[in-house]
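**Q** just a sequence and a predicted model for now, questions to come.
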Amino acid sequence: GETARGLFAVAEVILNRVDSREFPDSVCSVVNQGTGRMYACQFTYTCDGNSEVIHEPRAYVRVGKVARLMLDGAERPLTEGATYYHTTAVNPSWARRFERTAQYGVHLFYRANTRTASN
């Protein structure tokens, strides 16, 4: 149900994390970071307790196309370097520590505050 921009923005966060020293250095490692800790993982679907079954094949194909474009080196202009995001349905305490850079659909995107990051 996410917009195309929203899908690309989430992909940007994943790749921005891969490029960051603060996170693992592969897409799979970033996506699965924290898996096994209920709701303490980086991407909820990896620790929500639901089986990993594709219920919407068309959506899966759509996301796969976005992933392929991003892995092939598409530009990342949407999130201004964001390495964090969350849905508007929650208000995590960590979000106050970061600079909000964008909103697409129901997701808000954040990066480390440049003043804080350079200290």
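**A** Cool, the structure landed. Numbers count the residues shown, from 1 in each chain.
**Q** may I see the buried residues of whichever helix or strand residue 10 is part of?
**A** When elements are assigned from DSSP states H and E, residue 10 belongs to helix 4-19. By 16 or more other C-beta atoms under 10 Å, the buried positions in helix 4-19 come out as 6-18. Backbone N, C-alpha and C define where each C-beta goes, glycine included.
**Q** and which of these is nearest residue 56?
**A** Distances from residue 56 to the buried residues of helix 4-19, taken as C-beta to C-beta, are shortest for residue 7 (13.2 Å).
**Q** that closest one is in contact with residue 63, isn't it?
**A** Yes: between residue 7 and residue 63 a contact is recorded at 6.2 Å, counting by C-beta atoms under 8 Å.
**Q** how many neighbours does the nearest residue to residue 87 once chain neighbours are set aside have?
**A** Nearest residue to residue 87 in three dimensions, chain neighbours excluded: residue 106, at 5.2 Å (C-beta to C-beta, 6 or more residues apart in numbering). Number of residues near residue 106 (other C-beta atoms under 10 Å) recorded here: 13.
**Q** which helix or which strand is home to the closest residue to residue 60 other than its chain neighbours?
**A** Distances taken as C-beta to C-beta, 6+ apart place residue 54 nearest to residue 60, at 4.9 Å, with adjacent residues excluded. Remark: residue 54 resides in no helix or strand, with elements defined by DSSP H and E.
**Q** for the chain, what spans make up the strands?
**A** For the chain, the strands defined by DSSP state E occupy 84-87, 98-104, 107-112.
**Q** what would the ones you listed look like in CSV with mean neighbour count?
**A** What follows is the strands of the chain, written out as CSV (neighbours: other C-beta atoms under 10 Å):
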stretch, mean neighbour count
strand 84-87, 18
strand 98-104, 17
strand 107-112, 22
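**Q** export these to CSV and tack on distance to residue 59 and mean pLDDT?
**A** Conversion of the strands of the chain to CSV gives the following (distance: least, C-beta to C-beta, whole Å; pLDDT from 0 to 100):
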stretch, distance to residue 59, mean pLDDT
strand 84-87, 17, 94
strand 98-104, 16, 97
strand 107-112, 16, 96
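**Q** that'll do, ta.
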